[in-house]
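> Following is a predicted model, sequence given first.
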Amino acid sequence: MRIGKIIGTVTATRKDERLVGFKLLLTQPYVNGQAKGEPLVAVDTVGAGIGEIVLYATGSASRHAANKPQSPIDASIVGIIDSIDVAE
Amino acid sequence: MRIGKIIGTVTATRKDERLVGFKLLLTQPYVNGQAKGEPLVAVDTVGAGIGEIVLYATGSASRHAANKPQSPIDASIVGIIDSIDVAE
Amino acid sequence: MRIGKIIGTVTATRKDERLVGFKLLLTQPYVNGQAKGEPLVAVDTVGAGIGEIVLYATGSASRHAANKPQSPIDASIVGIIDSIDVAE
Amino acid sequence: MRIGKIIGTVTATRKDERLVGFKLLLTQPYVNGQAKGEPLVAVDTVGAGIGEIVLYATGSASRHAANKPQSPIDASIVGIIDSIDVAE
Amino acid sequence: MRIGKIIGTVTATRKDERLVGFKLLLTQPYVNGQAKGEPLVAVDTVGAGIGEIVLYATGSASRHAANKPQSPIDASIVGIIDSIDVAE
């Protein structure tokens, strides 16, 4: 999994029907305390909100997270991070 | 999923027969309001057109989008984006 | 799928037996009319030749292209491109 | 697999239930004797600890490592490295 | 598949039991006659040795190469290259 920050949302009226009902969260990689790089759009499976630091999974793992193994999902939020402890 | 812009089309007369009947859309990653980086070729599953900002999926997710789990597809357009709301 | 240019061939006498019988084509990503970046080795499923501009698929999609879902293939040529039309 | 260094841990109270019970290890790619680049979060399947140099797998391989093929896991620690011998 | 050079070996006493019995080969991407970039650790399925130029596969393809579809393997050596012929 990767660490990301939820920086926004995406709205798409016309979309694959298996995406209906999921929040589409704009998620930016979060490295060394900074959100940077190309954001991706992940479906929310844990009730994440704007500004939160999250764990996200990509590929087939993300479909298992959403309990939709036969869907077009390729990225999901799978956890909300409480703390990141980096060893000295 | 990633955000992309449809910047063109690709024609291939000689191709895997499981690609026949799909529009092949040249799709460029779209970051911070700008299309940039290496374009990929995605099959259209939602009726997307030139200039539209879309959601695309890659890998096995894209075959589910096309309802062709046993095909050579590795990228599909899965939604047309109405709005991207980035939090302040 | 990605766009590539066939720039050569690879010969490997000692290889996984499921690769026997496939042409192994050295394929370079082709962006904005230029072949550049790290080439990969794709199996040919459409009769592609040196110098041609092609569509290639990677990952499990490439094994479906080759009709070998249980093989070590992770990249296949799946189409020969006639034209790339980029919108103005 | 890739070589990484365990540089920390991540805590997430709210997470996919299939991640419960796994240590979430912050793992940084380790190249030429140096940890560098974007860390990922891998589940521990071998009893790895802070500071250790490990082998990690990504994608569906990591779910097999965790014996959870239907889970949201996309990265796992699969070995603890004793030595890396680079040929002269 | 990608082209790589075998530049060393990795030893890991504590590892997933499905990796036992495989040589773990440090494999560096090989581009334009030069080994460069982040090495990965691939299992050997063809009897490759130090210094050899090889074909390697990643992802689920590599598990088929090793005939271990349910294992943590995500990279395998699948061929030993005799020659690379780049067209003029």
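Structure received.
> in the lengthiest strand in chain A, what's buried?
In chain A, with assignment by DSSP state E, the single longest strand is strand A:2-11. For strand A:2-11, the neighbour count (16 or more other C-beta atoms under 10 Å in any protein chain shown) marks A:2, A:3, A:4, A:5, A:6, A:7, A:8, A:9, A:10 as buried. Where C-beta positions appear, they are placed from N, C-alpha and C, glycine not excepted.
> For residue A:21, the count of nearby residues, please.
Other residues lying near residue A:21 total 7 when counted by other C-beta atoms under 10 Å in any protein chain shown.
> So it: helix, strand or coil?
With DSSP: H, G, I helix; E, B strand; the rest coil as the basis, the three-state label of residue A:21 is coil.
> Show me the strands in chain A, by range?
Going by DSSP E, chain A shows strands at A:2-11, A:14-15, A:24-31, A:34-35, A:40-44, A:53-58, A:75-80, A:83-86.
> can you list the residues of chain A near chain B?
Contacts of chain A with chain B, taken as C-beta under 8 Å from any C-beta of the partner chain, map to A:7-16, A:18-19, A:24, A:26, A:38-42, A:50-51, A:59-60, A:62-63, A:70-75.
> about what we covered before: quick check: which of the strands of chain A is nearest to chain E?
strand A:53-58 (12.7 Å; C-beta to the nearest C-beta).
> I'd like the average pLDDT over that closest one.
Mean pLDDT, computed over strand A:53-58, is 98.
> what's around residue A:24, how many residues?
Residues near residue A:24, counting by other C-beta under 10 Å: 22.
> quick one: it and residue A:12 touch, right?
Yes. At 6.8 Å, residue A:24 counts as touching residue A:12 under the criterion of C-beta atoms under 8 Å.
> Touching both of these two, which residues are there?
Applying C-beta atoms under 8 Å, 6 or more residues apart in numbering or on different chains, one finds that residue A:24 and residue A:12 are jointly contacted by residue B:55.
> okay if I get the strands of chain A as TSV plus distance to residue D:80?
TSV is the format used below for those (distance: least, C-beta to C-beta, whole Å):
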stretch	distance to residue D:80
strand A:2-11	23
strand A:14-15	44
strand A:24-31	25
strand A:34-35	30
strand A:40-44	31
strand A:53-58	23
strand A:75-80	25
strand A:83-86	20
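> Quick one: closest of those strands to residue B:82.
strand A:2-11 (4.6 Å; C-beta to C-beta).
> helices or strands up against the closest one?
Applying 3 or more C-beta pairs under 8 Å, 6 or more residues apart in numbering or on different chains; DSSP states H and E, we find strand A:2-11 packed against strand A:24-31, strand A:34-35, strand A:40-44, strand A:53-58, strand B:83-86, strand D:40-44.
> Now distance to residue A:83 too, for the ones you listed, in CSV please.
What follows is the helices and strands packed on strand A:2-11, written out as CSV (distance: least, C-beta to C-beta, whole Å):
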stretch, distance to residue A:83
strand A:24-31, 13
strand A:34-35, 17
strand A:40-44, 21
strand A:53-58, 9
strand B:83-86, 26
strand D:40-44, 13
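> For chain C, which of those is the nearest?
Across the helices and strands packed on strand A:2-11, closest to chain C is strand A:53-58 (C-beta to the nearest C-beta), at 12.6 Å.
> Need the residues that contact the closest one.
Contacts for strand A:53-58 (C-beta under 8 Å, 6+ apart): A:1-6, A:27, A:30, A:40, A:42, A:46, A:48, A:62, A:65, A:74-81, A:84, D:10, D:12, D:15, D:24, D:41, D:72-74.
> so which of the helices and strands packed on strand A:2-11 comes closest to residue C:34?
strand A:40-44 (27.3 Å).
> Pull up the pairing partners for that closest one, direction included.
strand A:24-31 (antiparallel), strand A:75-80 (parallel) (DSSP bridges).
> Format those strands as a markdown table; extra columns: distance to residue C:88.
As requested, these are exported to a markdown table (distance: least, C-beta to C-beta, whole Å):
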| stretch | distance to residue C:88 |
| --- | --- |
| strand A:24-31 | 29 |
| strand A:75-80 | 32 |
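> Tell me how far the closest residue to residue A:69 other than its chain neighbours lies from residue D:14.
Excluding the flanking residues, the one nearest residue A:69 by C-beta to C-beta, 6 or more residues apart in numbering or on different chains is residue A:63, at 5.0 Å. Distance of residue A:63 to residue D:14, given as C-beta to C-beta, to the nearest Å: 20 Å.
> Those two - which one has more neighbours?
Using other C-beta under 10 Å, the more surrounded residue of residue A:63 and residue D:14 is residue A:63, with 25 against 14.
> Wait, that one touches residue A:73, no?
Yes. With contact defined as C-beta under 8 Å, residue A:63 counts as touching residue A:73 (5.0 Å).
> what touches both of those two?
Joint contacts of residue A:63 and residue A:73 (C-beta under 8 Å, 6+ apart) are residue B:61.
> follow-up on the earlier one: among the buried residues of strand A:2-11, which two are most distant?
Checking the buried residues of strand A:2-11 with C-beta to C-beta, the most distant pair is A:3 and A:10, at 20.0 Å.
> Would you list the phi and psi of residue A:48?
phi -80, psi 150 (degrees, to the nearest 10).
> so how far is residue D:14 from the nearest residue to it once chain neighbours are set aside?
Ranked by C-beta to C-beta, 6+ apart and with sequence neighbours excluded, the top spatial neighbour of residue A:48 is residue A:77, at 4.7 Å. Using C-beta to C-beta, residue A:77 is found at 10 Å from residue D:14.
> Spell out which residues are contacts of both of these two.
Residues touching both residue A:77 and residue D:14 by C-beta under 8 Å, 6+ apart: residue A:46.
> how many neighbours does residue A:29 have?
Number of residues near residue A:29 (other C-beta under 10 Å) recorded here: 17.
> which ones are touching the residue nearest to it when sequence neighbours are not counted?
Nearest non-adjacent residue to residue A:29, counting by C-beta to C-beta, 6+ apart: residue A:37, 4.5 Å away. Counting by C-beta under 8 Å, 6+ apart, residue A:37 makes contact with A:28, A:29, A:31.
> hang on, isn't the second one packed against residue A:1?
Just to be clear, that refers to residue A:29. No. Using C-beta under 8 Å, residue A:29 makes no contact with residue A:1, being 11.6 Å away.
> where do the contact lists of those two overlap?
Common contact partners of residue A:29 and residue A:1 (C-beta under 8 Å, 6+ apart): none.
> follow-up on the earlier one: tell me the spacing between the residue nearest to residue A:29 and residue B:37.
Taken as C-beta to C-beta, the span from residue A:37 to residue B:37 is 12 Å.
> next one: residue A:35
Taking C-beta to C-beta, one finds residue A:35 at 19 Å from residue B:37.
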